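Visitor: Mind looking at a prediction? Sequence and model below.
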Protein chains: 2
Amino acid sequence: MYLLHGKLTAKDGQVGRLADVLLDASKFVSTAMGCRLYVIGKDENDLNSVYVTEIWDTKEDHDNALNVESVKELIASAIPLLGAQPIKGQEIEILGGSGITI
Amino acid sequence: MYLLHGKLTAKDGQVGRLADVLLDASKFVSTAMGCRLYVIGKDENDLNSVYVTEIWDTKEDHDNALNVESVKELIASAIPLLGAQPIKGQEIEILGGSGITI
């Protein structure tokens, strides 16, 4: 199982809109095959960024979801709001735990 | 809702045991009030560390769980395996998403 923890940094004044786009995206992404968790959050030490933490059955499921048309459209709508190039998120292989069915 | 993403770095050769202790801990922690997610993982770029990603209803629920006797015992059993002082994890306030009931 695959965890991806990444962030997107907004242009000044656009972080609220960026969060809204990602919250909309979560509705589509969560229906994609293999998506277990897709949550959007804020870090008070980095107020211009939005964090996305995702859990997927496999990395391939995650990568495939990026090709779903509705997801591609939402990604395109987020790009004008970004103040920095997206940084590759941290990829983690989940060994186990609770809260999701491993 | 509160997300905590942290890591624990093991002494050389102890990362497997450290992961096992945390996997055991997840069985107790997951029964604590407010615990929604507690997963243990590895990052291939940091093979001596174990990552813990947690979601709780509130930060207070997380903090209270650290005082549960069985959790305290498991923390105590992990300390001799650590090769570095634990670093405070990244704290995120979840705005929304899917996979957990917000």
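Guide: Noted; the coordinates are in hand.

Visitor: And the one helix or strand in chain A whose mean pLDDT sits lowest, what does it pack against?
Guide: When each helix and strand of chain A is scored by mean pLDDT, DSSP states H and E, helix A:69-78 comes last, with a mean of 89. Helix A:69-78 sits against helix A:15-29, with contacts defined as 3 or more Cβ pairs under 8 Å, 6 or more residues apart in numbering or on different chains; DSSP states H and E. In this view, the C-beta of every residue, glycine as well, is placed from N, C-alpha and C.

Visitor: Do any residues in the helix it packs on lie close to chain B?
Guide: Yes - using Cβ under 8 Å from any Cβ of the partner chain, helix A:15-29 reaches chain B at A:19, A:23, A:26, A:27, A:29.

Visitor: coming back round to it: and the next helix or strand past the least confident helix or strand of chain A?
Guide: Following helix A:69-78 in sequence order, the next helix or strand is strand A:90-98 (DSSP states H and E).

Visitor: what lines up beside that next one in the sheet?
Guide: In the sheet, strand A:90-98 lines up against strand A:2-9 (antiparallel), strand B:35-42 (antiparallel) (DSSP bridges).

Visitor: tell me the angle of the helix or strand just after the last one relative to strand A:35-42?
Guide: The one in question is strand B:35-42. Using DSSP H and E, the helix or strand that follows strand B:35-42 in sequence is strand B:49-56. For strand B:49-56 against strand A:35-42, the angle between stretch directions is 80 degrees (axes from the mean of the first three to the mean of the last three Cα atoms, to 10 degrees).

Visitor: orientation of strand B:49-56 relative to helix B:69-78 in degrees?
Guide: Going by the same axes, to 10 degrees, strand B:49-56 makes 160 degrees with helix B:69-78.

Visitor: So, low pLDDT: which residues of chain A?
Guide: Within chain A, the segments meeting pLDDT under 70 span A:101-102.
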